[in-house]
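pasting the structure only:
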């Protein structure tokens, strides 16, 4: 209770002085004539490309305009003024930026036609963060990306992102932050859940950051996924039903509703899924592998006044997974299950204070439960049940003045866990051990950040993030960040460089009582878990050419107390541990094409990286094995990762999409050899019938090739890739 009161007081005290900009940006600019003289009184309209959200401003005597609280995403800006040609231009808005647009109008000809510009895709010249955004249309066009438990949106578009032992890995790590509307959904438990945090069907845009973070991010080093959910602005009293059916008796269904007025918008969905293939299998056979789930999601937005917006996002879900068996385990009666529950509610008050100043107050709550229950016939019956509750908030203030885009913020939560772990030995000893603990912890963060536009071609970023963690241990961290962005004149290539330190709070896991004694008698011990501390260097270059965007970067990460986990056999129990040091370095490249002639669009991502450990186990369950001398590869090291895909529009408004995913193979046991290279091909097709009904077909891993993904060098366990998955989809939109 004292922890909760302390955090609440800290948040309240900081309301007047601190903030974080979340998903929002400030869009500003100058309208001028062919002689570069400012145009006063021009009407500037900013409209979302994916919904009916729009806002209008009139330029000042100096030709300037400013839009505050613009959610990240794709927009069209329209400028109208008597005696000038109306201009329309595409604009991509990234969160926490304040781009300055210089828009020139031409003298109107007799035809008074509208001038439409499609500017080249450009890397952000505001921030040194390595990032990309994926829209709901792109998610819909990627084979398999709309499935409830799919991470294809990330593995197809983020270099060095892959799934192994049912966990998402990015840049060699698996600690990532999920945010909704710019508000974090905290989770300090590593790999406790395999269900996704969000249903892809509920996403309007997802901003993906993987390096060079500003000071407002960084509790998880290896990826930040900022989800902007559907809001209802894209609908007018419309409902949509999506239903699928495929092999393995799979179905994945959703019914969603949305509507909006000028002041209020709502979106809500109900989803359900089941399949006889749920998790990666230990052999090529699919045995005892059913998965099913259900969820509800809602997003509410109220523009209470021109200066005040209220936003609420809430979700509840449950998932049940059978733990897949091999033939011997099935014959012996092993019937393990994983049950998961998750719920969160994030509320935000967005208040505009004058021009270029934005205050956001965001309390939140997150409930998460994972329960692994071994079957009664298991040789060693294992039970691992964990419930975590997080309650806290963030308060944010963003100030845009002249060349400066400054942000200040506080963020904090208290965590309350209820954990039960038990072992029952069904052999002759018939021994049993149980542990029940209720650890608590708290996290408080303050950050300050500024983006300074030094010249038209140079921007500097700098900030500091101060963190206090209290739990089984108490730790403090100061994490400086610095970056520079150069917009090379005439070419408009964007060169960026960054340096940052990061701190990742540990989970509250511990082993005590009879279970600790059992571990000692077996030659093991549980060492306290400390937070991971990382140091990252990165340099990147974005090259836009006629709407194509090529982006490449080099990065190196040095980690101390690197978070990893041990898999207990072929189960889904992951025991956290930390390794003394790790070194991750790589080269990445992405290529995105424009939507040429409204018919085709493609992408390519490539990564070559090394994921190596140094030293022994410093936290978690260990048998005190001798430390390996020098560098050694970690079990999720994969040297080369490639994803290529795209979509093309065919006759009668049909669409065909395809993707190819290649990996050079993960570590084989203790290495240094790696497993063989592997590749899969997937495709999907969709044909609309009228404006409201469509039929689709998807085939994942068309060739049906099976290969071993993972031969764990920890406590054991193997994992094979997904088999061929084929399903059909019907989509029906209707008014209500």
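Nice, thanks for sending it over. Small disclaimer: the values here were computed from a predicted structure and weren't measured.

got phi/psi on residue 139?
phi -60, psi -40 (degrees, to the nearest 10).

what residues are up against it?
145, 146, 153, 200, 203, 206 (CB atoms under 8 Å, 6 or more residues apart in numbering). The way it works is simple: take the backbone N, C-alpha and C, and place the C-beta from them, glycine included.

try residue 316
Counted by CB under 8 Å, 6+ apart, residue 316 has contacts 295, 296, 342, 343.

do that again at 6 Å, thanks
For residue 316, the contact set (CB atoms under 6 Å, 6 or more residues apart in numbering) comprises 296, 343.

the host helix or strand of it: what's the following helix or strand?
Taking DSSP states H and E as the definition, residue 316 sits inside strand 308-322. Downstream of strand 308-322, the first helix or strand assigned by DSSP H and E is helix 327-331.

for that next one, give the mean pLDDT please.
In this model, helix 327-331 has an average pLDDT of 89.

cool, and stretch 650-669?
Rounded mean pLDDT across stretch 650-669 is 91.

for that stretch, buried residues please.
If you call a residue buried by 16 or more other CB atoms under 10 Å, then stretch 650-669 has these buried ones: 655, 656, 657, 658, 659, 661, 663, 664, 665, 666, 667, 668.

ok, which pair from those residues is furthest apart?
655 and 668 (39.9 Å; CB to CB).

and the helices in this protein?
Secondary structure of the chain by DSSP state H: the helices cover 2-14, 136-141, 152-157, 327-331, 513-521.

of the contacts of residue 139, grab the buried ones for ChimeraX.
A single ChimeraX command selects the buried members of the contacts of residue 139 (16+ other CB under 10 Å):
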select :145,146,153,200,203,206
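
now the contacts of residue 139 in CSV, with distance to residue 317 and pLDDT?
Converted to CSV, the contacts of residue 139 look like this (distance: CB to CB, whole Å; pLDDT from 0 to 100):
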residue, distance to residue 317, pLDDT
145, 18, 95
146, 16, 94
153, 18, 93
200, 13, 94
203, 15, 93
206, 18, 91
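
which two from the contacts of residue 139 end up farthest apart in space?
146 and 206 (12.8 Å).

pull the helix or strand with minimum mean pLDDT from this protein.
Ranked by mean pLDDT, DSSP states H and E, the weakest helix or strand in the chain is helix 2-14, scoring a mean of 39.

leaving aside the residues adjacent along the chain, what's closest to residue 548?
Leaving out its chain neighbours, the residue that sits closest to residue 548 by CB to CB, 6 or more residues apart in numbering is residue 593, at 5.5 Å.

ok, now residue 222?
Per CB to CB, 6+ apart, closest to residue 222 is residue 173, 3.6 Å.

quick check: that neighbour vs residue 676, distance?
Noted for residue 173: a distance of 24 Å to residue 676, by CB to CB, to the nearest Å.

repeat for residue 705
Where residue 676 is concerned, residue 705 sits at a distance of 11 Å (CB to CB).

the two: who's more crowded?
With other CB atoms under 10 Å as the criterion, residue 705 and residue 676 differ in neighbour count, and residue 705 comes out ahead with 13 against 10.

how about the contacts made by residue 373?
337, 383.

can you give me the strands in the stretch 601-736 of the chain?
631-633, 640-649, 655-663, 678-689, 693-700, 708-711, 718-720, 725-735 (DSSP state E, counting those that start in this stretch).

wait, residue 93 sits on residue 25?
Yes: the pair residue 93 and residue 25 passes the contact test of CB atoms under 6 Å, sitting 4.9 Å apart.

touching both of the two, which residues are there?
Shared contacts of residue 93 and residue 25, counting by CB under 6 Å, 6+ apart, come down to residue 70.

more neighbours: these two, which one.
Per other CB under 10 Å, whichever of residue 93 and residue 25 has more neighbours is residue 25, with 26 against 23.

tell me how far the more buried one lies from residue 95.
Taken as CB to CB, the span from residue 25 to residue 95 is 6 Å.

same deal with residue 275?
Counting by CB to CB - residue 275 and residue 95 are separated by 35 Å.

out of the two, which sits in the busier spot?
residue 95 (27 against 23).

leaving out sequence neighbours, find the closest residue to the more buried one.
residue 72 (4.2 Å).

dump the residue contacts of the one you found.
Contacts of residue 72 by CB under 6 Å, 6+ apart are 23, 93, 94, 95, 207.

where does the stretch 151-300 of the chain have low pLDDT?
Residue ranges of the stretch 151-300 of the chain with pLDDT under 70: 190-191, 218.

now the strands for it?
161-164, 167-170, 177-180, 183-184, 203-211, 224-229, 238-246, 251-260, 264-275, 291-305.

redo those strands as CSV? Include distance to residue 67.
Listed next are those as CSV, based on distance: least, CB to CB, whole Å:
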stretch, distance to residue 67
strand 161-164, 33
strand 167-170, 32
strand 177-180, 22
strand 183-184, 21
strand 203-211, 17
strand 224-229, 17
strand 238-246, 27
strand 251-260, 19
strand 264-275, 18
strand 291-305, 14
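
so which of these gets nearest residue 611?
Across the strands of the stretch 151-300 of the chain (criterion: CB to CB), the nearest stretch is strand 167-170, sitting at 8.7 Å.

elements contacting the closest one?
Under the contact criterion of 3 or more CB pairs under 6 Å, 6 or more residues apart in numbering; DSSP states H and E, strand 167-170 touches no helix or strand at all.

about what we covered before: just checking, the residue nearest to residue 222 touches residue 211?
No: checked against CB under 6 Å, the pair residue 173 and residue 211 is beyond contact range at 11.4 Å.

re earlier: and the strand holding residue 316 with strand 224-229, angle?
Calculated by axes from the mean of the first three to the mean of the last three CA atoms, to 10 degrees, strand 308-322 forms an angle of 110 degrees with strand 224-229.

how far does strand 308-322 sit from the chain's center?
15 Å (CA atoms, centre = their mean, to the nearest Å).

pLDDT averaged over that strand - what is it?
94.

next, the buried residues of stretch 578-590.
Of the residues in stretch 578-590, those buried (16+ other CB under 10 Å) are 578, 579, 580, 581, 582, 583, 584, 585, 586, 588, 589, 590.

could you do stretch 469-488 as well?
Those would be 469-472, 477, 479, 481-487, for stretch 469-488 by 16+ other CB under 10 Å.

of these, which pair is most distant in space?
Longest span within those, CB to CB: 472 and 487, 47.3 Å.

please report how far residue 539 lies from residue 128.
With CB to CB as the criterion, residue 539 and residue 128 are 9 Å apart.

give me the distance between the closest residue to residue 285 other than its chain neighbours and residue 287.
Excluding the flanking residues, the one nearest residue 285 by CB to CB, 6+ apart is residue 327, at 6.7 Å. The gap separating residue 327 from residue 287 is 7 Å, by CB to CB.

among those two, which residue is more densely surrounded?
residue 287 (17 against 10).

how far away is the more buried one from residue 322?
Distance from residue 287 to residue 322, by CB to CB: 9 Å.

got it, and residue 498?
44 Å.
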